[in-house]
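1. Below are the sequence and a predicted model; questions follow.
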Amino acid sequence: MISGFLALYIFMLAAFTGYEIISRVPVILHTPLMSGSNFVHGIVLVGAMVALGHAQTPAETAIGIVAVLLAAGNVAGGYVVTERMLEMFKTSKSDKATK
């Protein structure tokens, strides 16, 4: 089993690395990056469902249900944001009429 300090160290290292990578992404690549992160959130949702399926106590079941709900909301929200960002790149009908 991983000790608490080692788990905290790995979490902090992952958070710092993620922040440094994301902060250097050009604006034009934010939409593909959002789609890729939605894929990762889908994997988190599957993991939450597996954990819920293995729950044995009421507390584990409650935590699993909350995890599934939050993960599903995260996936759905990510796709809504991606769709809105993609709408910004489409030309409007008034733009086509003036050309």
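-> Structure's in. What do you need? Numbering: from 1, shown residues only.

2. Where does the prediction get shaky in this structure?
-> Applying pLDDT under 70 to the chain flags residues 1-2, 30-32, 34-35, 93-99.

3. Quick one: the helices in this structure, in order.
-> According to DSSP state H, the chain carries its helices in the segments 4-23, 30-53, 58-89, 93-98.

4. Turn the ones you listed into a markdown table, including mean neighbour count.
-> Quick note: C-beta positions are derived from backbone N, CA and C, even for glycine. Converted to a markdown table, those look like this (neighbours: other Cβ atoms under 10 Å):
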| stretch | mean neighbour count |
| --- | --- |
| helix 4-23 | 10 |
| helix 30-53 | 14 |
| helix 58-89 | 13 |
| helix 93-98 | 7 |
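
5. What sits closest to residue 67 if chain neighbours are left out?
-> Nearest in space to residue 67, with sequence neighbours left out and distances taken as Cβ to Cβ, 6 or more residues apart in numbering, is residue 48 at 4.0 Å.

6. residues in contact with that neighbour?
-> 64, 67, 68, 70, 71 (Cβ atoms under 8 Å, 6 or more residues apart in numbering).
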